[in-house]
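pasting the sequence and the predicted coordinates here, then a few questions.
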Amino acid sequence: MKDTIPVRGGEELHEERLRDYLQQHIATMPAGDLHIEQFPNGKSNLTYFLRVGEWEAVLRRPPFGPVPPKAHDMQREFTILQTIHPIFPIAPKPYLFSSDESLVGSPFFVMERRRGIVLDTEFPDEMIVTPTLCRQLSETMVDVLVQLHGLDYGHTKLATMSKPDGFMERQVHGWIGRYERAKTSDVTGTERLFQWMINHVPATSEATIIHYDYKLNNAMFSPDMKQMVGLFDWEMTTVGDPLADLGAAMGYWVLRDDPELLKSGLGKPPVTVHEGFMTRREFIEAYAVQSGRDVKHMQFYMTFAYFKLAVIVQQIYFRFKNGQTADNRFAHLDQMVISLMQYALQITEDSTVGGI
């Protein structure tokens, strides 16, 4: 199953200019023609596959058009990978960061290309999908998240790049502000949702490295599906509340009995709707057992996770609505925002709505 496509119209890179620059700055890159394709699934940052002969790499850059303040910070993500890769090899090795916007129209970075299987909405055609396989994938996702949260960040750059004290209070107020800046219409109940989150921030003193975009289609698995061999999209990574990371992961963990708009609002339902994948409750309980953490406040973390996801979708829709992107995949994301907001509100009233 091919994982790249020809570069979408309007998102092309200048091949010769980029090739010359990379050959000057990446010692392992050979001479020859640079071939560029695109990874199709991202709805935020743009990711390209670079190849010269047998040499391969991946380039990441922000989306075209204006972007929210502090979002899509390529230098920060590059620095995070420099910090994380040596102690967590599932993260890809970064090669180069450039702030020269004349090359691709924005700052960008280049990292190693990993080979394996990324699961999104379909399994590879040749794969025999069983409940046992789906359970195994669920367990691997739990295992790796617990492993990440167990890393010692004290001697890494993340210790100085992050401010774990007051993390969740800042998150709640920060994402409310992001929503207000990207709002295109009024959604019923948002003020009530905002106040509930502000009033229910759990008191916590623990902080770990958190990926904060931990989901199946950001992970790569070995061909036999027994190991995770890559974890991508470290843009949101910081040091903060590990249960916020767990909540965010569960916000993306879509199940077959979820509301239809949650399942298909961003396209085809993800593979987690297949029989055998852990329920959210099972995932959370498995995480609690392995990590030893108390998960009694997951109602808050799940509410916040769906709200945060709604804001991310709203930011994408804001760019479409204002003509900053012509990608028609985004034309009806406003309905997804409403659905996510309403779902978050329902969880504030009944945690079982979110399958917790």
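Thanks, I have the structure now.

for the rest of this, base every contact and every neighbour count on C-alpha atoms.
OK.

for the chain, name the helix or strand with the lowest mean pLDDT.
When each helix and strand of the chain is scored by mean pLDDT, DSSP states H and E, helix 260-264 comes last, with a mean of 83.

just want the most central residue of this structure.
The geometric centre of the chain, computed from its C-alpha atoms, lies nearest to Asp213 (Cα atoms, centre = their mean), at 3.2 Å.

ok, that residue - contacts?
By Cα atoms under 8 Å, 6 or more residues apart in numbering, Asp213 lies in contact with Asp233, Trp234, Met236, Thr237, Asp245, Ala248, Ala249.

OK, contacts around Leu133?
By Cα under 8 Å, 6+ apart, the neighbours of Leu133 are Met225, Gly276.

report the separation between it and Leu46.
For Leu133, the distance to Leu46 equals 31 Å [Cα to Cα, to the nearest Å].

in the stretch 201-350 of the chain, which spans are helices?
Per DSSP state H, counting those that start in this stretch, the stretch 201-350 of the chain carries helices over the ranges 242-252, 260-264, 280-291, 298-321, 333-349.

check the stretch 1-150 of the chain too.
According to DSSP H, counting those that start in this stretch, the helices that the stretch 1-150 of the chain contains are 15-25, 74-84, 101-104, 131-149.

most neighbours per residue, which of the ones you listed?
Highest mean neighbour count of those: helix 74-84, a mean of 21 (counted as mean count of other Cα atoms under 10 Å).

thinking again about what came up before, quick one: which of the helices of the stretch 201-350 of the chain has the weakest pLDDT on average?
Lowest mean pLDDT within the helices of the stretch 201-350 of the chain: helix 260-264, at a mean of 83.

buried set for it?
Leu261, Leu262, Lys263 (16 or more other Cα atoms under 10 Å).

how is the chain divided into domains?
For the chain, automatic domain parsing gives the domain ranges 15-112, 131-354.

tell me which of the ones you listed lies nearest to Thr121.
Among these, domain 131-354 comes nearest to Thr121, with 4.1 Å by Cα to Cα.

surely Glu206 meets Asp241?
Yes - if you go by Cα atoms under 8 Å, Glu206 and Asp241 touch, sitting 6.3 Å apart.

the two: who's more crowded?
Neighbours around Glu206 and Asp241, counted as other Cα atoms under 10 Å, are more numerous at Asp241. The numbers are 23 against 13.

what's the closest non-adjacent residue to that one?
Counting by Cα to Cα, 6 or more residues apart in numbering, Asp241 lies nearest to Ala207, which is 5.0 Å off, once chain neighbours are set aside.

where does that neighbour land on pLDDT?
Per-residue pLDDT puts Ala207 at 96.

what sits against it?
Ala207 sits in contact with Pro164, Val239, Gly240, Asp241, Pro242, where contact means Cα under 8 Å, 6+ apart.

pipe those residues into JSON lines and attach distance to Ala57 per row.
Formatted as JSON lines, the contacts of Ala207 follow (distance: Cα to Cα, whole Å):
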{"residue": "Pro164", "distance to Ala57": "33"}
{"residue": "Val239", "distance to Ala57": "28"}
{"residue": "Gly240", "distance to Ala57": "30"}
{"residue": "Asp241", "distance to Ala57": "32"}
{"residue": "Pro242", "distance to Ala57": "31"}
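
nearest to Val201 among those residues?
Using Cα to Cα, Asp241 is the member of those that sits closest to Val201, with 11.3 Å.

can you list phi and psi of that closest one for me?
With angles defined as degrees, to the nearest 10, Asp241 sits at phi -70, psi 120.

is it in contact with Met168, as I believe?
Yes - applying Cα under 8 Å as the test, Asp241 and Met168 come out as touching, 7.2 Å apart.
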